[in-house]
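K.L.:
Build me a model from this:
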Amino acid sequence: METAWLEAQNYLAAGDCQSAITTLTWIRQQDSRFRRSQVEDYLFQCLTGVARQLLDGSGGDVESVRQAADYLQDALMFQPGDQEWGNEKRLAVGYVAGHDAYDHGNWSVAVVRWEPLDVMRPNYLNGVLRQKLDESYPLAATQLIAEANGSIRLLTQAIDYLDQALVRDPGNEDLIQERTLAIEYLDGLEASVQGDLALAIAHWGPIYAVRPDYQNGALSEKLREACTLSTAPDEQYCKP
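P.N.:
Reported below is the predicted structural model:
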């Protein structure tokens, strides 16, 4: 044990944290009481040090960040209350989760995982997080609109993502059109709830004219219902 301890100290002096981690871990496995405080302190320092190197050199590479998260998980076993490294772990884990969702085409999930990280550390991974988030906003909005089937909650969230996307790409006509259609659909719902069927038809009719299958048929159903119930249906949009 003493020989292994000296070996670990030599690795530490040489800056070889990977070898030091291997030796110190072996010492703990043989006898967790042997120089416990020192062994755990050195392990914490080395594990966080390696994690920092991985994060700083990752360039946003998800596998490097994943490895860093694993090292931080092990390090925090020794100092679970360390706020600085606890935050670093949350950032790394969240980045990996968002990246995995992004790679699987779950862009709305990616945005949900990445937005809190952007608040915590706007320049995380030297701006890679912000770049990936910017790429995800229009994709997430399109995904939510396709999946909403008339859901107020999903369409409202999609509009928020479109707003974020348009801040970064204000002249994108496709995004502007999708935002307009979603807002008009929701305004039509609000008018219908308020009992103003003429206003609802005025909102829904123009959408139906350009996108009759909007919201996978939910629009056409709502428009047909409004036209049927209206005492003065708009002949332009309420065909026999």
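K.L.:
For stretch 79-94, list every residue counted as buried.
P.N.:
Of the residues in stretch 79-94, 82, 85, 88, 89, 90, 91, 92, 93, 94 count as buried by neighbour count, 16 or more other CB atoms under 10 Å. Placement of C-beta: from N, CA and C, glycine included.
K.L.:
do stretch 31-47 as well
P.N.:
35, 39, 40, 42, 43, 44, 46, 47.
K.L.:
Keep only those of those that are in helices.
P.N.:
39, 40, 42, 43, 44, 46, 47 (DSSP state H).
K.L.:
Tell me where the chain is predicted with low confidence.
P.N.:
The model of the chain has pLDDT under 70 over residues 240.
K.L.:
As a check, name the ranges of all helices in it.
P.N.:
2-13, 17-30, 36-56, 62-75, 83-103, 107-120, 128-148, 152-168, 173-193, 197-210, 218-229.
K.L.:
Mind putting the ones you listed into CSV with distance to residue 238?
P.N.:
Output for the helices of the chain, formatted as CSV (distance: least, CB to CB, whole Å):
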stretch, distance to residue 238
helix 2-13, 80
helix 17-30, 73
helix 36-56, 60
helix 62-75, 52
helix 83-103, 42
helix 107-120, 35
helix 128-148, 24
helix 152-168, 23
helix 173-193, 14
helix 197-210, 7
helix 218-229, 4
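K.L.:
And those helices: which comes nearest residue 236?
P.N.:
Distance to residue 236, taken as CB to CB, is lowest for helix 197-210 among the helices of the chain, at 6.5 Å.
K.L.:
So which residues make contact with the closest one?
P.N.:
Helix 197-210 is contacted from outside by 181, 184-185, 187-189, 191-192, 214, 219-220, 222-223, 226-227, 229-230, 232-234, 236-238, using CB atoms under 8 Å, 6 or more residues apart in numbering.
K.L.:
The same query, at a cut-off of 10 Å, please.
P.N.:
Applying CB atoms under 10 Å, 6 or more residues apart in numbering, the contact partners of helix 197-210 are 177, 180-194, 196, 214-215, 219-220, 222-234, 236-238.
K.L.:
Just give me the neighbour total for the residue nearest to residue 189 when sequence neighbours are not counted.
P.N.:
Distances taken as CB to CB, 6 or more residues apart in numbering place residue 152 nearest to residue 189, at 6.6 Å, with adjacent residues excluded. Using other CB atoms under 10 Å, residue 152 has 12 neighbouring residues.
K.L.:
Next: the one 10 residues further on.
P.N.:
Counted with other CB under 10 Å, the neighbours of residue 162 add up to 25.
K.L.:
Please give me every residue in contact with it.
P.N.:
137-138, 140-142, 144-145, 172, 175-176, 178-180, 182-183.
K.L.:
With residue 170 instead?
P.N.:
So residue 170 contacts residue 176 (CB under 10 Å, 6+ apart).
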